[in-house]
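In: please find the sequence and the predicted model below.
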Amino acid sequence: MNLIKNLFPIAVVKPFKYLIVTPIQNKSAEHWRTAVIKQLKMLRGHEVSVKQINSDRESGIKVVVEWMMGDGVIHGILPELTGAGEAVQPAERAIRLVKERVRSVIRGLPFVLPTMLVSVIVEYYVQRINGLRSSVSNGELSGRSPLEKMTWGALDARKDLSLAFGH
């Protein structure tokens, strides 16, 4: 995801639609690799087993997929690239949602947001999106937010979701 000169690889963890964003400085293979490793370590820390990664054909991700398949560091994960004209629908929807929320807040601020704070606001809104229960949740996520499912704990709205960005 590209937002105001900032790059954020975004991951959607299925089946509970938990969003992960990791800011990167550019689209080089090394930055992509670092972001993917950081996201996978975070998932492993929450005991989430990753069986498959679907990605579009970004320039840096192609090299990362080759590294994942050849190096064996990420054993048992099947990386899959979509066709050139295709998109990974859950990720594209998540990108639109995050961009919409962040842009609406940036436009409503009474000051110009410094570029270095864009990553903070993106991470803030991803946390908020993960804390919201979806109206289409069913099955094992029924009545719970993605954050609750990931952390195995209930959220306290007064403590965990009390402040708006900038307060």
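Out: Perfect, I can see it now.
In: if you count neighbours, what's buried in the lengthiest helix in the chain?
Out: If you go by DSSP state H, the chain has its longest helix at helix 89-108. Across helix 89-108, burial judged by 16 or more other CB atoms under 10 Å covers 90-91, 94-95, 98-99, 101-102, 105-106. Every C-beta, even on glycine, is put in place using the N, C-alpha and C of the backbone.
In: identify the farthest-apart pair in those.
Out: Pro90 and Ile106 (24.5 Å; CB to CB).
In: this structure: strands as residue ranges?
Out: Taking DSSP state E to define them, one finds strands in the chain at 2-3, 6-7, 10-13, 18-21, 52-55, 78-81.
In: what is the third one packed up against?
Out: So that's strand 10-13. The helices and strands touching strand 10-13, judged by 3 or more CB pairs under 8 Å, 6 or more residues apart in numbering; DSSP states H and E, are strand 18-21, helix 89-108.
In: how about those, which one is nearest Tyr124?
Out: Closest approach to Tyr124 among the helices and strands packed on strand 10-13 (CB to CB): helix 89-108, 8.7 Å.
In: coming back round to it: and the helices and strands packed on strand 10-13 as a markdown table, adding distance to Gly131?
Out: Below are the helices and strands packed on strand 10-13 laid out as a markdown table (distance: least, CB to CB, whole Å):
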| stretch | distance to Gly131 |
| --- | --- |
| strand 18-21 | 10 |
| helix 89-108 | 13 |
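In: any chance of TSV for the ones you listed, columns mean pLDDT and distance to Met42?
Out: Shown next, in TSV, are these (pLDDT from 0 to 100; distance: least, CB to CB, whole Å):
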stretch	mean pLDDT	distance to Met42
strand 18-21	90	7
helix 89-108	88	16
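In: nearest to Gly153, of those?
Out: strand 18-21 (13.8 Å).
In: that closest one pairs with which strands?
Out: The pairing partners recorded for strand 18-21 under DSSP bridges are strand 10-13 (antiparallel).
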